[in-house]
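Engineer: Can you look at this prediction? I've put the sequence above it.
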Amino acid sequence: MKRITITVSDTQYPLAQGQDVGAIEAAALVAVRAGGDIVKVTLYGNRELAILVSPGVPITFEIADVPDEPRDDGDLSSPFEPFSSVDELSVFDDL
């Protein structure tokens, strides 16, 4: 699975699976050309983020391969806390 992280100014936000980077980029460009507007994205954890996109606000995207996360389905009616159980933290046992 690909994990896409959007950075707005200096703050990073991991996006939910299935977010369309091309559509987000296009919406951001429209917002900038209009002088500013809100662009909504769904974050990892099934939460919505409204970003005020305007000229001068840097936005970058980073794409990385990560293990599949079945809870990360973009369903805003089913939010979850990443690493919300002790079992999920076991990936750090070997450190």
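Structural biologist: Good, I have the coordinates.
Engineer: Could you list the low-confidence segments of this protein?
Structural biologist: In the predicted model, the chain carries pLDDT under 70 at residues 82-95.
Engineer: need the strands for it, in chain order.
Structural biologist: Assigned by DSSP state E, the chain shows strands spanning 2-8, 11-14, 37-43, 47-53, 59-65.
Engineer: which helices and strands sit right next to the shortest one?
Structural biologist: Packed against strand 11-14 by the contact rule (3 or more C-beta pairs under 8 Å, 6 or more residues apart in numbering; DSSP states H and E) you find strand 2-8, strand 37-43. Using the backbone N, CA and C atoms, a C-beta is placed for each residue, glycine as well.
Engineer: picking up where we left off before, now tabulate the strands of the chain in TSV and tack on distance to Val21 and mean neighbour count.
Structural biologist: Output for the strands of the chain, formatted as TSV (distance: least, C-beta to C-beta, whole Å; neighbours: other C-beta atoms under 10 Å):
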stretch	distance to Val21	mean neighbour count
strand 2-8	6	17
strand 11-14	13	13
strand 37-43	10	17
strand 47-53	14	14
strand 59-65	6	11
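Engineer: so which of those strands comes closest to Ser78?
Structural biologist: strand 47-53 (10.4 Å; C-beta to C-beta).
Engineer: Return the alpha-carbon coordinates of that closest one using PDB.
Structural biologist: Provided in PDB are the C-alpha atoms of strand 47-53 (Å, rounded to 0.1, in the frame of the first residue of the first chain):
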ATOM      1  CA  ARG A  47     -10.800  12.000   9.900                       C
ATOM      2  CA  GLU A  48     -11.400  15.000   7.600                       C
ATOM      3  CA  LEU A  49      -9.100  17.900   7.400                       C
ATOM      4  CA  ALA A  50     -10.100  21.200   5.800                       C
ATOM      5  CA  ILE A  51      -7.100  23.100   4.500                       C
ATOM      6  CA  LEU A  52      -7.200  26.800   3.600                       C
ATOM      7  CA  VAL A  53      -5.100  26.800   0.400                       C
END
